[in-house]
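Peer 1: just need the structure, nothing else, for what follows:
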Amino acid sequence: MLTRLRSLVHHLNHAKMSTAAGVVHNANVACCTIPPVRSDYKPKGTYKPYGGFDKAYFAGPEKPGKLALVCVFDIFGFKPQTLQGADILAKELNAQVILPDFFEGDEPWPLDKFPPKTPEDKKKLQEWFGGFANPKNHVPKLNAVGKAVKEDGAEFVVAYGYCWGGKVVIVAGTQPDTPFDAVSIVHPAMLSVDDAAKLNIPLGIFISNDEPKDEYEKIVQTMSKKPFASKNDYRHFDSFHGFAAARANLDDPDNKAKYEELYRTLIKFVKNASA
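Peer 2: Presented below is the predicted three-dimensional model:
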């Protein structure tokens, strides 16, 4: 059953879709169907206003050192597994990690409407992706946080994002005035080689089984031709979309192992990019 579902996901991910329910802005079926998982993890960081946001999660040192990271979460917002990832990165890299609340002014997608089951709810989800959650709306906000971190003293700032947040991050990295020195995208939605072609900073791209592998391979090929190719990192994890963020089931041994390996890989990428 799982094999058949993944086959369907891959088929639909390759399609440019528009349906009777309306235009499809996010064609990653797994992103639009796999729900988040409950977690009892108690985050170690704190919240405070920052960079134009009323609320941002801070992990690690109170002041940024040479290295800092800014995260864009998935469509479920501040979930324990995502905050746990920030805590891991902050500890292992001895770096300040910031997660701004990108859904200020709206809200994360409501759990009682996910996955959407009716044509009306499916249409509303796609309208949300094309409206408030359109990645281009959040790129200036992400860049503003990156600039604030630089002004606070960080010399090397990495942006990383999950799923929907991966699209925000990679587009931010393509901007001529980007404050980021490297970007990483984890099981990213809306994957496009066109974004990679515009990047002039290192990229860490870590996909699952539910992202289009052909687009991933095009991105790897494109990035391998950049002058900073040795700073890039790529990996295809044998897991599902969301395994390292809100959808992670850390009570499952395989998911936990893949989750831990993802963060080890992301740490390695950051260290190499910033060396």
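
Peer 1: all helices of the stretch 101-250 of the chain, in order?
Peer 2: Under the criterion DSSP state H, counting those that start in this stretch, helices of the stretch 101-250 of the chain are mapped to 119-130, 135-151, 164-173, 193-197, 213-223.

Peer 1: mind putting those helices into CSV with distance to E261 and mean pLDDT?
Peer 2: Quick note: C-beta positions are derived from backbone N, CA and C, even for glycine. Conversion of the helices of the stretch 101-250 of the chain to CSV gives the following (distance: least, CB to CB, whole Å; pLDDT from 0 to 100):
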stretch, distance to E261, mean pLDDT
helix 119-130, 29, 85
helix 135-151, 26, 96
helix 164-173, 18, 97
helix 193-197, 23, 98
helix 213-223, 18, 98
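
Peer 1: packed most tightly, which of those would that be?
Peer 2: helix 164-173 (a mean of 27; mean count of other CB atoms under 10 Å).

Peer 1: what residues does that one touch?
Peer 2: Residues outside helix 164-173 that contact it (CB atoms under 8 Å, 6 or more residues apart in numbering) are 26, 31, 71-75, 102, 129, 133, 135-136, 138-139, 142-143, 146, 159-161, 178, 180, 182-191, 195-196, 199, 201, 203.

Peer 1: looking at the helices of the stretch 101-250 of the chain, spot the one closest to D238.
Peer 2: helix 213-223 (11.9 Å; CB to CB).

Peer 1: next, the angle helix 164-173 makes with that closest one.
Peer 2: 30 degrees (axes from the mean of the first three to the mean of the last three CA atoms, to 10 degrees).

Peer 1: sorry, back to before: filter the contacts of helix 164-173 down to the buried ones and hand me the PyMOL line.
Peer 2: The PyMOL selection below is limited to those of the contacts of helix 164-173 classed as buried (16 or more other CB atoms under 10 Å):
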select buried, resi 26+31+71+72+73+74+75+102+129+133+135+138+139+142+143+146+159+160+161+178+180+182+183+184+185+186+187+188+189+190+191+195+196+199+201+203
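
Peer 1: which ones among the contacts of helix 164-173 map onto strands?
Peer 2: Within the contacts of helix 164-173, residues falling in strands by DSSP state E are 71-72, 159-161, 182-186, 203.

Peer 1: let's have the residues you listed in a markdown table, adding distance to D152.
Peer 2: Shown next, in a markdown table, are the ones in strands among the contacts of helix 164-173 (distance: CB to CB, whole Å):
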| residue | distance to D152 |
| --- | --- |
| C71 | 16 |
| V72 | 19 |
| A159 | 15 |
| Y160 | 19 |
| G161 | 21 |
| A182 | 18 |
| V183 | 20 |
| S184 | 21 |
| I185 | 25 |
| V186 | 25 |
| L203 | 25 |
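
Peer 1: many thanks, I have nothing further to ask.
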